[in-house]
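**Student:** give me coordinates for this.
(4 chains)
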4 protein chains.
Amino acid sequence: MANFKGHALPGTFFLLFGLWWSIKCPFRQILRRKERQVGDRERQKLTALFNRIDLIEGSLKIFFAFVGIMAEQFVPDGPHAHLYQDGWVKLMNWQHSTMYLFYGISGIADVLSVSSHHVPVGLDRLFLSLALFVEGFLFYFHIHNREPLDQHIHSLLLFAVFGGSASTMMEVFKRENAVLELLRCTLAILQGTWFYQIGFVLYPLSGPEWDLTRHDNIMFITMCFCWHLAVALLIVGICYCGVFWTSKWCERRQRGDMEMGLRKSTSTDSSSQKALLQESDEE
Amino acid sequence: MANFKGHALPGTFFLLFGLWWSIKCPFRQILRRKERQVGDRERQKLTALFNRIDLIEGSLKIFFAFVGIMAEQFVPDGPHAHLYQDGWVKLMNWQHSTMYLFYGISGIADVLSVSSHHVPVGLDRLFLSLALFVEGFLFYFHIHNREPLDQHIHSLLLFAVFGGSASTMMEVFKRENAVLELLRCTLAILQGTWFYQIGFVLYPLSGPEWDLTRHDNIMFITMCFCWHLAVALLIVGICYCGVFWTSKWCERRQRGDMEMGLRKSTSTDSSSQKALLQESDEE
Amino acid sequence: MANFKGHALPGTFFLLFGLWWSIKCPFRQILRRKERQVGDRERQKLTALFNRIDLIEGSLKIFFAFVGIMAEQFVPDGPHAHLYQDGWVKLMNWQHSTMYLFYGISGIADVLSVSSHHVPVGLDRLFLSLALFVEGFLFYFHIHNREPLDQHIHSLLLFAVFGGSASTMMEVFKRENAVLELLRCTLAILQGTWFYQIGFVLYPLSGPEWDLTRHDNIMFITMCFCWHLAVALLIVGICYCGVFWTSKWCERRQRGDMEMGLRKSTSTDSSSQKALLQESDEE
Amino acid sequence: MANFKGHALPGTFFLLFGLWWSIKCPFRQILRRKERQVGDRERQKLTALFNRIDLIEGSLKIFFAFVGIMAEQFVPDGPHAHLYQDGWVKLMNWQHSTMYLFYGISGIADVLSVSSHHVPVGLDRLFLSLALFVEGFLFYFHIHNREPLDQHIHSLLLFAVFGGSASTMMEVFKRENAVLELLRCTLAILQGTWFYQIGFVLYPLSGPEWDLTRHDNIMFITMCFCWHLAVALLIVGICYCGVFWTSKWCERRQRGDMEMGLRKSTSTDSSSQKALLQESDEE
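**Tutor:** Predicted coordinates:
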């Protein structure tokens, strides 16, 4: 699918997942800190909620991967599940199918991790890391013999892909590290926007074509990648602040309601204050 | 041994070890969790059992390495332990002998680790990591000046070899990490199946020879490596589930027997329930 | 700004920050050890002091980054915020602006980390690491098609830049590790002095021009980089000792004052001795 | 010093240090385990002994580095401290001097680490790692434009050098990790023997010269490097066992003496048995 749509499609997926993670991760981080405050029943409810969310996320990953594989195979100029007919048939589509396959496997690992206690902790991150690695691995051997700018713009993508793979692999060992989670969000968004950028450069929707051999263009694209990174950091930052202020606002409203109730029974007040103090100590 | 058998032999060894590990590792992981439940005597029995298994594994490694070295040296067209006679004699065979030597050393380290308390913890993993590193190191300098596809298919092997070396080195520091153990199993199986793939491509048993210079073939082989990885993950997954369900089934039968006994003496019932609750808490 | 000043400017900034850190870090390390001794009020005062210092540091970073961007854009031969006019306008200046931008973002992260408890721990280091990575990333793609010595002298800079990025990334996970902090100081100073060296070599203030193609010069410059590293280590060492002796001297004077006071009330003496013994045990 | 002696000299130093470490490290590891058993006074005596040993080691390093620098500068065909006289003077010797300089700095760091409590823990390892890095760094840029075998045999050295640098850097964070210490010993010995090998290959003492362009020779040398690694592992293993058995023998003799004494006062017997049991538990 060497056209604009073929780059916009994965770009949209990565962008959506990146945005979704940059809402989910800060939310979970905030709740993790608050968890110590709340009672056992509340905590179990939260854990169940998050498990359900992860289950849906995993299922969506499997579904999208399946759709992606089907689309790559059965588009009009696709291989229609034929691999070899007097030579390899549409290897590009097969390679893309393989990439989707590994994201599908990662989705299965997500679902299993949530639904069973016996799956080793961190397996979901290992499979996501592997999926990213395979994507980068296939791209790496896929960009030889192209025009300089085409090659360069795809090799910049590899920084986001392998960076994401490495940071996700770190999460296997340093689970629930807030900084690594935010880095993963950023790199997912970066990958998403960069897929769009590749589409715009190689298959411009309007205006003149880019000269794929000029050194100037390569220099600009390198710098442009850094701008995308800055924008991705900004988006993650905005999401984080948004989630944080929403949670603050909810909490205040909730506390307001609680205080209404507490006027009747003031004895628990001191204990909630103690919990608040503990929270601020721990932070 | 540049023929099909020469690739099938190491492939079979890696495949067998990979499969064996992907049964041993989940088994040990499941027992490790259960260990807290069982009494001290039970635990000692399990530890002794695993030590015996590791001892046998180490001995087998030494034996296979010895056989491998002998085979490489004394096959009809081998060097017969001559290194230099008006020029280096059969350096390929000597290189393969060297690889086997390091797996033999790794086997010795395994045996020593099990049989003495005074060997530093993690030494067995260090030596396995070194053996894999040496294998990759020799392969790396061994594939120059070959046909493009021959070079590419061997360099893909290096991903499995160095990946295995790195993940085993991590195990020196993060011992008993379930995810790393499963990754090691996967990479061993991947290496095994990939050796077979190399054999099939370079020395096809039937059908036409592969064109070693076509870019299409290189692209297919790259993708094929990812499929092997997916298959290796699948095999490890199946082994894990198999071991898990078998252990569940054994436990249930055992518990059934125990319950038969408990009907007579119901006082211990509450304590076993407590233990079960503890288990589910810890998981 | 391909002239001496263009290299002296960033060099001065890195040198100043490196020197400042190599005073701040040992100071903080010494206080961290002493913190256990002092009372709660004292500790809060120290924390507040360091927060204020970090706040000022972050603000300065933002200010310098802003000045840097403005200077790159609005120097007489700068792009004046024009990016494309029948071709890319002054991409060099744009690239430098991008580098400054990321240091500015790192400054913002510093300020946020200090001013709010809800920013994940280690975020400031992640952003500093990213800023260094982006600097190295842009330099890496920026030095193609130059004279051998020009290329070599810039690629040596990358060792300091990427080394700094890696060691700062490590600090995300191993926060308050004294060795990593000193390494960061050293690499910042190294980067500063090396920028000066680049300026002196490529745009000599006096004397003959360097022959940019001679192999001898490249060999000398490689060695010279190691000498800069040795000097940077020396500077950090001197700063460390200076801070250490100053703090010792202050403490002794303070203790002298205290003893004067203690002659009146000798009961607290034994407890302070105990604290001292604890300190020496812990070290 | 491009002759046999010029390679034998550093080789001897590395070999001696490697051997010395592979006696010191196991000795210390064994004592570290036993430390919990012995009384406080015994422990202080051991710590003092080890500090004295480290002090001597550091001083020797400084001395050897000084001698090395002087030798490189003032040999008859050396630069005699002249750096520039109508062109760079004897840059090779200057580069070797620089390498020695960093080992000297590492010696200073060792001495400081032992003699003061205020030096951050791990600084000695950081400096040793830096010294190895600088050695590798200078070698890396030093082997261009040579014959293929000369280049290859030196680049193999880099595996030992950078491997040593990486493993020593790990020791900054994982101090007193037995496996890392043994790895460091092995890589030091490997470096030592490989320097000799380089000397024998490039400047053969007797017999014909090696053909520096034949691919066969390169293949043999690659394999030979692995054999050196195996030999280094063997040497470290023998040292470890030697130290272990010596310590066992000493202990038994000491215990024999103690038992003679204990027959008079049997009350302490049970407590020493308890300590022994604790020891075997901990191991």
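
**Student:** low-scoring stretches of the stretch 151-283 of chain A, by residue?
**Tutor:** Scanning the stretch 151-283 of chain A for pLDDT under 70 picks out A:261-283.

**Student:** how about the residues of it by chain C?
**Tutor:** Proximity of the stretch 151-283 of chain A to chain C (Cβ under 8 Å from any Cβ of the partner chain) is limited to residues A:159, A:174, A:177-179, A:182-183, A:215-220, A:222-223, A:226-227, A:229-230, A:233, A:244, A:280, A:283. Glycine gets a C-beta too; all of them are placed from N, C-alpha and C.

**Student:** can you flag the buried ones in those?
**Tutor:** Listed as buried from those are A:159, A:177-179, A:182-183, A:217-220, A:222-223, A:226, A:229-230, A:233, A:244; burial here means 16 or more other Cβ atoms under 10 Å in any protein chain shown.

**Student:** residues in contact with the residue of chain A at minimum distance from chain C?
**Tutor:** Closest contact between chain A and chain C, by Cβ to the nearest Cβ, is at A:Ala178 (3.3 Å). By Cβ atoms under 8 Å, 6 or more residues apart in numbering or on different chains, the residues touching A:Ala178 are A:Cys25, A:Gln29, C:Pro120, C:Val121, C:Gly122, C:Leu123.

**Student:** can you show me the strands along the stretch 151-283 of chain A?
**Tutor:** With DSSP state E, counting those that start in this stretch, there are no strands along the stretch 151-283 of chain A.

**Student:** interface residues of it facing chain B?
**Tutor:** Neighbours of chain B within the stretch 151-283 of chain A, by Cβ under 8 Å from any Cβ: A:Val172, A:Phe173.

**Student:** what residues does the stretch 151-283 of chain A have near chain D?
**Tutor:** Checking the stretch 151-283 of chain A against chain D by Cβ under 8 Å from any Cβ, there are no hits.

**Student:** of the contacts of A:Ala178, which is the nearest to B:Gly68?
**Tutor:** Nearest to B:Gly68, judged by Cβ to Cβ, of the contacts of A:Ala178 is C:Gly122 at 48.0 Å.

**Student:** wait, that closest one touches C:Lys174, no?
**Tutor:** No. If you go by Cβ atoms under 8 Å, C:Gly122 and C:Lys174 don't touch, sitting 9.7 Å apart.

**Student:** thinking again about what came up before, give me the subset of the buried ones among the residues of the stretch 151-283 of chain A next to chain C lying in helices.
**Tutor:** If you go by DSSP state H, those have A:159, A:178-179, A:182-183, A:217-220, A:222-223, A:226, A:229-230, A:233, A:244 in helices.

**Student:** shouldn't A:Met170 be in contact with A:Arg184?
**Tutor:** No. Judged on Cβ under 8 Å, A:Met170 makes no contact with A:Arg184 at a distance of 9.3 Å.

**Student:** between those two, which has more neighbouring residues?
**Tutor:** A direct count of neighbours by other Cβ atoms under 10 Å in any protein chain shown for A:Met170 and A:Arg184 places A:Arg184 higher, at 27 against 20.

**Student:** what's the neighbour count on the residue nearest to the more buried one when sequence neighbours are not counted?
**Tutor:** With Cβ to Cβ, 6 or more residues apart in numbering or on different chains as the criterion, A:Arg184 has its nearest non-adjacent residue at 5.4 Å, and that residue is A:Ser167. As a burial measure, A:Ser167 scores 23 neighbours (other Cβ under 10 Å).

**Student:** A:Ser129 versus A:Ser167, what's the distance?
**Tutor:** Taking Cβ to Cβ, to the nearest Å as the measure, A:Ser167 falls 9 Å from A:Ser129.

**Student:** sec struct for A:Ile108, please.
**Tutor:** Judged by DSSP: H, G, I helix; E, B strand; the rest coil, the three-state class of A:Ile108 is helix.

**Student:** pLDDT score for it?
**Tutor:** Model confidence at A:Ile108, given as pLDDT, is 95.

**Student:** hmm, it is touching A:Ile62, no?
**Tutor:** Yes. With contact defined as Cβ under 8 Å, A:Ile108 counts as touching A:Ile62 (6.2 Å).

**Student:** would you map the helices across the stretch 51-200 of chain A?
**Tutor:** Assigned by DSSP state H, counting those that start in this stretch, the stretch 51-200 of chain A shows helices spanning A:91-115, A:123-140, A:148-173, A:178-202.

**Student:** now do the contacts for A:Val121.
**Tutor:** Counted by Cβ under 8 Å, 6+ apart, A:Val121 has contacts A:Arg175, B:Ala178, B:Val179.

**Student:** and the first one, how many neighbours does it have?
**Tutor:** Other residues near A:Arg175 come to 12 when the count uses other Cβ under 10 Å.

**Student:** excluding its backbone neighbours, what's nearest it?
**Tutor:** Closest residue in space to A:Arg175, ignoring its immediate chain neighbours: A:Gly122 at 6.0 Å, by Cβ to Cβ, 6+ apart.

**Student:** quick check: phi and psi on that neighbour?
**Tutor:** Phi and psi for A:Gly122, reported as degrees, to the nearest 10, are phi 100, psi 0.

**Student:** please name the residues that touch the residue nearest to A:Arg184.
**Tutor:** By Cβ under 8 Å, 6+ apart, the contact set of A:Ser167 is A:Leu180, A:Leu183, A:Arg184, A:Leu187.

**Student:** report the contact partners of the closest residue to chain B within the stretch 101-250 of chain A.
**Tutor:** Here the residue of the stretch 101-250 of chain A nearest chain B is A:Pro120; by Cβ to the nearest Cβ that distance is 3.3 Å. Listed by Cβ under 8 Å, 6+ apart, the contact set of A:Pro120 reads B:Gln29, B:Ala178, B:Val179, B:Leu182.

**Student:** show me the two of the residues you listed that sit farthest apart.
**Tutor:** B:Gln29 and B:Val179 (10.3 Å).

**Student:** can you tell me which of the contacts of A:Ser167 is closest to chain D?
**Tutor:** Using Cβ to the nearest Cβ, these come closest to chain D at A:Leu180, 17.7 Å.

**Student:** give me the neighbour count for the nearest residue to that closest one once chain neighbours are set aside.
**Tutor:** In space, A:Leu180 comes closest to A:Glu171 once its chain neighbours are excluded; the distance is 5.1 Å by Cβ to Cβ, 6+ apart. Neighbourhood size, A:Glu171 [other Cβ under 10 Å]: 20.

**Student:** wait, doesn't A:Glu171 sit right on A:Leu182?
**Tutor:** No. Taking Cβ under 8 Å as the definition, A:Glu171 is not a contact partner of A:Leu182, at 11.3 Å.
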